[in-house]
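1. sequence first, then the predicted structure, then my questions.
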Amino acid sequence: MEVTCCGIHGFGEAIGLDVDESRVFWKLDITDEHAAQVAYRLVVSDSKSTSKSGDEEICFDSGRTESCEQRNILCNPQGGFKSTTLYYWTVTVWDQHGNEATSSVNEFYTSYPRSSKLLPPYSMNQTYMPHTSLIFRTWFEDEANRWKAVWIGNGGDKPIYLRKALTFQRKPSRVIILASGLGHFNLSVNGKPASSHVLDPGWTNYHRTVQFVGYDVTDHISDGENAIGAHVGNGFYAGDQGDRFFWPMYEDNTYVRYGNELCFFAEIHAHYDDGTHECIISDPTWKVRNSATTLANIYASEDHDRRAYPVGWDAPAFDDADWQPAKPLTGPRGKLRYQSQHPVILHNTFVPVSQKVVKPGVIMYDLGQNASIMVQVEASGLAGAEYRVKYSETIGEDGLVLMPDPLFKEFETGVYSKITLLGKGEQEVWTPDFSFTSARYIQVEGASLDGKDGLPVIHSLTARHVSSGAPQLGSVKTDKEDVNALINACYWTFSSNIFSYHTDCPQIEKFGWLEVSSLLFPSTQYVRDMEAVYSKILDDIIDTQEPSGLVPTMAPLVRYMCGPMHDTITWGGAVCLLPELIKHYYGSTNVFKKIYRPCVQYMEYMEGKERLGGLIEHGLGDWGYSIAFGNHQANIETAIYYKCLRNVAMMAKELGFTSDEAKFTSWAERIYTVYNQQLLVTDNTTFPYAFYTSRDNPDTRDRTMVAQAIALQHGLVPLKHRADVIQAFVAAAEDSGHVMRAGEIGLKYLWNTLAEEEVDRPDIVLNMMRQAEHPSYMRFLRRGETSLLEFWQDNCRSKCHDMLGTIYEWFYDYALGVKPLTDAYRTWRLRPCFKAEFDFVEGKIESPYGLISVRFDRRGSQDATKAVVGVSVPTGTTCELILPGETSTVEIQRLPVEETRNFKGKTLKLLQGQYRLEITA
């Protein structure tokens, strides 16, 4: 028995935690099939060597707790955690035989849990508000638990360098930096990056929340003089259009500019072996100067003049005599909060599959894959020579960058980076500091490959995929290459939209539209460990919620919308949907306490939108069907309303709010009744079975796939009509010719319904995806696309939009056959895909309890009813194996093979371990 992994729910990293209680988890590996955890003991201490419950250094000790739970374990020390302190924690577990295993030592470092997340007091700027000390008198008296640093900068809104030379009292045993820079900043220590992060800190509503980041830089520190450097750019905080494209500011599309001064904030905490601690802060003793990057436009436009770059500026012994003292600044309005989600980092390197001189001075590189990227260019040339880098997802017949949408033609001319060379004969490397985009094609202008025409020479160009640093959790492949190509396109599209929130696309918008966060949660949890990201999105929602209770369609609200583009429950309902999804997929209720009241307020707001006794039909409906025309409003929006109410009742029960649980349960039952009164047709005059109609044309009874699927998947169908509604769904699918007649909302529920055991129609799924004309995934791929497009169009403005990618869930749920039945995959279902055309499917999912792997193979058999299935069942979980029929048989070998047993029937439970199964359907 071994404890293999430990973590803290909702946190991607653990340097700077600002909470007084947390919930932790661990994974186990137990060899014995029948052994299980029966008890645990969680110990948290500020001393690494502490192991006894009587030690003074212990701040929390659960004692031996009789429980099989490995997740959602509450750690709430009396009085909370001390500020700026390094904590160590271990968990010891016991099985029913008395065997014991203790984890390795885990660490986390606190910031100021009891600071109430207030701004650093000096951010009020002592220069013109000397009475600030009086205003914050009580704050200053709590020295140990307050922020001490000052927001600094040069008072401008162009990128800046900041540096501080410092010498520690003696060699520290640990050095932690807590810092933030708005809009984005890159931190370095002694000339080296402090981390692998890019685009720190995460995007937020900076009027409400500003994230700070923790860095352990102990290994970077030297004896003698050290230097801390920060390079700060605009991001979304103080968006800078310059002379390039920025999201248009007109009528309902107003872009929010949060601040007008780029600013930086840091505390450097040095800890010594004798237990002492010093804190060095950002203040006017730091030095500042303008950056060689003169434009940092988040929409992929930067200007960089290498001649203005101060070589060695962030290293010791640099002469900064001509730099200016930093100014104390007012800083942002938002409160400081730890960057809880995983940082954004650089992943895969793309090397161009081709390069071509399209015309003199213009080189086109094809990366072979559309994805979110930061490029790296190595070039040489004369001093002052310039070249430009443009990005595109599409090229035209002339081989040049192309934006197919006439409304966004500026992307051809107004999105580019301009690099000016130093010109000392050396190859000069450039990569953007504060911007990124989605692109497959990189167009370099004003340059050549050989230098014969006197232009700068491009020696190499590569690109790095930029995305959340959350671990990748899943993979799946089949024996059908077109299906694998679609799986690949889905993966790259999802991965390219996961940052500090879930974006709609990394190219034209970069906005946090909320519908994708809930619709694609089941899909993205196969791509990345998303718990921390979605927990942070709930913070964004809280900050964005309006006094009326309305949750807008976007969070954070970096672009203001109006009408149904601002108020739609399929978007705003994420406030109630995400907590339940986090619980279901990660087994955590960590967010319930903070999100419950906002959920109640949103439901109270939505109650005022009810029509006909409880229907909701004022939003966008099934957005994306017939390009972007809303439909099925009553069906979809009322179903989401019902699901939200059920979730609020569930959270009320979890939190012990008994009267609220009864209230919201009754409320949901009222909506259930009204939904069926208004939308369920049972008179058998139109069709010889019951079915759901939309209210798109109130005088007409339609019978669409979406109407049936929405009701089925939200538990709205009365049991006596369930068989009828399934029949109606299949009939509608057949009548459509297996065409996807659904928008982005309805599409998810089509796939979910087609995967249900009562429906079980993989042929319809595969026929839908392979249609010759749109809507069709394979039409995208046949035209050479490597990611998903925004709409069912050949020449679409955005080609890395993930809202249509809900089919990715089907590949794991149905093709691989894996689906969680209880929270966090504690019990999960495996249903081998005998009915599908696949003869081989292989995949894995790093579940919250460990690795699930499945290998379905019937390629070597002449009988399609026979297959060999390999499966790994993680410790602490149970696999419910669903066989095709009551007469199915399976020969079971648990590896390493000690015995072979046989089973006949429909359902079989597999305990933890590795299995080889020979199944006859």
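-> Ah, there it is.

2. could you list the low-pLDDT ranges of the stretch 501-650 of the chain?
-> Scanning the stretch 501-650 of the chain for pLDDT under 70 picks out the ranges 627-628.

3. what ranges do the strands span in it?
-> 559-560 (DSSP state E, counting those that start in this stretch).

4. same question, the stretch 751-900 of the chain
-> Assigned by DSSP E, counting those that start in this stretch, the strands in the stretch 751-900 of the chain fall at 818-820, 827-830, 840-847, 850-857, 866-873, 878-882, 889-895, 900-904.

5. nearest to Leu910, out of those?
-> strand 878-882 (4.1 Å; C-beta to C-beta). All C-beta atoms are positioned from the backbone trio N, CA, C, and that covers glycine.

6. in that closest one, what's buried?
-> Neighbour-count burial for strand 878-882 flags 878-882 (criterion: 16 or more other C-beta atoms under 10 Å).

7. before we move on, back to that, Leu519: which of the strands of the stretch 751-900 of the chain is closest?
-> So among the strands of the stretch 751-900 of the chain, strand 818-820 is nearest, using C-beta to C-beta, at 17.0 Å.

8. other SSEs contacting the closest one?
-> Of the remaining helices and strands, those touching strand 818-820 by 3 or more C-beta pairs under 8 Å, 6 or more residues apart in numbering; DSSP states H and E are strand 827-830, strand 840-847.

9. please redo it, this time with the cut-off set to 7 Å
-> strand 827-830 (3 or more C-beta pairs under 7 Å, 6 or more residues apart in numbering; DSSP states H and E).

10. and the strand it packs on, how far out from the chain middle?
-> Strand 827-830 sits 25 Å away from the centroid of its parent chain (C-alpha atoms, centre = their mean, to the nearest Å).

11. packing partners for it?
-> Checked by 3+ C-beta pairs under 7 Å, 6+ apart, strand 827-830 has strand 818-820, strand 878-882 packed alongside it.

12. repeat that for 10 Å
-> In terms of contacts (3 or more C-beta pairs under 10 Å, 6 or more residues apart in numbering; DSSP states H and E), strand 827-830 is packed against strand 818-820, strand 850-857, strand 866-873, strand 878-882, strand 907-910.

13. coming back round to it: got a markdown table for the strands of the stretch 751-900 of the chain, with mean pLDDT too?
-> Listed next are the strands of the stretch 751-900 of the chain as a markdown table, based on pLDDT from 0 to 100:
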| stretch | mean pLDDT |
| --- | --- |
| strand 818-820 | 98 |
| strand 827-830 | 98 |
| strand 840-847 | 98 |
| strand 850-857 | 98 |
| strand 866-873 | 98 |
| strand 878-882 | 98 |
| strand 889-895 | 96 |
| strand 900-904 | 96 |
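
14. put together TSV for those, with distance to Pro522 on each row.
-> Shown next, in TSV, are the strands of the stretch 751-900 of the chain (distance: least, C-beta to C-beta, whole Å):
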stretch	distance to Pro522
strand 818-820	9
strand 827-830	13
strand 840-847	12
strand 850-857	15
strand 866-873	21
strand 878-882	18
strand 889-895	28
strand 900-904	30
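
15. buried deepest among the helices and strands packed on strand 827-830, which one?
-> Highest mean neighbour count of these: strand 818-820, a mean of 22 (counted as mean count of other C-beta atoms under 10 Å).

16. return the list of strands paired to that strand, each annotated with direction.
-> strand 827-830 (antiparallel) (DSSP bridges).

17. export the strand it pairs with to CSV, keeping only CA atoms.
-> Included here for strand 827-830 are C-alpha records, laid out as CSV according to Å, rounded to 0.1, in the frame of the first residue of the first chain:
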residue,chain,number,x,y,z
THR,A,827,-17.7,4.0,-9.2
TRP,A,828,-17.4,4.2,-12.9
ARG,A,829,-19.0,2.4,-15.8
LEU,A,830,-17.2,0.5,-18.6
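
18. any idea which helix or strand in this structure has the lowest mean pLDDT?
-> helix 132-135 (a mean of 61; mean pLDDT, DSSP states H and E).

19. burial check on Met740, number of neighbours?
-> 26 (other C-beta atoms under 10 Å).

20. tell me the contacts of the nearest residue to it once chain neighbours are set aside?
-> In space, and not counting its chain neighbours, Met740 is closest to Pro775: 4.4 Å by C-beta to C-beta, 6 or more residues apart in numbering. By C-beta atoms under 10 Å, 6 or more residues apart in numbering, Pro775 lies in contact with 624-626, 739-743, 747, 768-769, 791-793, 804.

21. do you know how far Pro775 is from Leu750?
-> 11 Å (C-beta to C-beta, to the nearest Å).

22. which neighbours do the two share?
-> 740-742, 768.

23. I'd like to know which of these is nearest to Ile177.
-> Using C-beta to C-beta, the shared contacts of Pro775 and Leu750 come closest to Ile177 at Ala742, 49.1 Å.

24. dump the shared contacts of Pro775 and Leu750 into a markdown table; add secondary structure as well.
-> As requested, the shared contacts of Pro775 and Leu750 are exported to a markdown table (DSSP: H, G, I helix; E, B strand; the rest coil):
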| residue | secondary structure |
| --- | --- |
| Met740 | coil |
| Arg741 | coil |
| Ala742 | coil |
| Met768 | helix |
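
25. any idea how far stretch 522-532 is from the chain center?
-> 7 Å.

26. contact partners for Thr553?
-> With contact taken as C-beta under 10 Å, 6+ apart, Thr553 is in contact with 511-515, 544, 561, 564-572, 574, 619-620.

27. ok, now Ser659?
-> Ser659 neighbours (C-beta under 10 Å, 6+ apart): Ala652.

28. got the helices and strands packed on strand 827-830 as a markdown table, with distance to Glu669 columns?
-> Below are those laid out as a markdown table (distance: least, C-beta to C-beta, whole Å):
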| stretch | distance to Glu669 |
| --- | --- |
| strand 818-820 | 27 |
| strand 850-857 | 36 |
| strand 866-873 | 38 |
| strand 878-882 | 30 |
| strand 907-910 | 31 |
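
29. to Phe185, which of those lies closest?
-> Among the helices and strands packed on strand 827-830, strand 850-857 sits nearest to Phe185 (C-beta to C-beta), with 36.6 Å.

30. against which helices or strands is that closest one packed?
-> Strand 850-857 makes packing contacts with strand 22-29, strand 474-478, strand 818-820, strand 827-830, strand 840-847, strand 866-873, strand 913-920 when contacts are defined by 3+ C-beta pairs under 10 Å, 6+ apart.

31. where does pLDDT dip in the stretch 201-350 of the chain?
-> Short version for the stretch 201-350 of the chain, where the test is pLDDT under 70: 248-254.

32. mind doing that once more with 50?
-> Residues of the stretch 201-350 of the chain meeting the criterion pLDDT under 50: 250-251.

33. what are the phi and psi values for the closest residue to Arg797 other than its chain neighbours?
-> Of all residues not flanking Arg797 in the chain, Asp405 sits nearest, at 3.3 Å (C-beta to C-beta, 6+ apart). When read as degrees, to the nearest 10, the backbone of Asp405 gives phi -90, psi 120.

34. pretty sure Asp405 contacts Gln507?
-> No. Taking contacts as C-beta atoms under 10 Å, Asp405 lies outside contact range of Gln507: 11.2 Å.

35. more neighbours, the two?
-> Neighbour totals were compared for Asp405 and Gln507, and Gln507 leads with 29 against 15 (other C-beta under 10 Å).

36. for the more buried one, what are its contacts?
-> By C-beta under 10 Å, 6+ apart, the residues touching Gln507 are 299-300, 370, 372, 391-393, 403, 408, 411, 415, 436-439, 496, 790, 797-801.

37. next, count neighbours for Gly474.
-> 22.

38. check the one 4 residues further on too.
-> Counted by other C-beta under 10 Å, the residues lying close to Thr478 total 22.

39. inside helices: which ones of the contacts of Thr553?
-> Mapping the contacts of Thr553 onto helices (DSSP state H) picks out 515, 544, 569-572, 574.

40. ok, so of those, who is nearest Thr330?
-> Thr544 (22.9 Å).

41. how far away is the nearest residue to the closest one once chain neighbours are set aside from Phe791?
-> Leaving out its chain neighbours, the residue that sits closest to Thr544 by C-beta to C-beta, 6+ apart is Ala555, at 4.1 Å. Counting by C-beta to C-beta, the separation of Ala555 from Phe791 is 23 Å.
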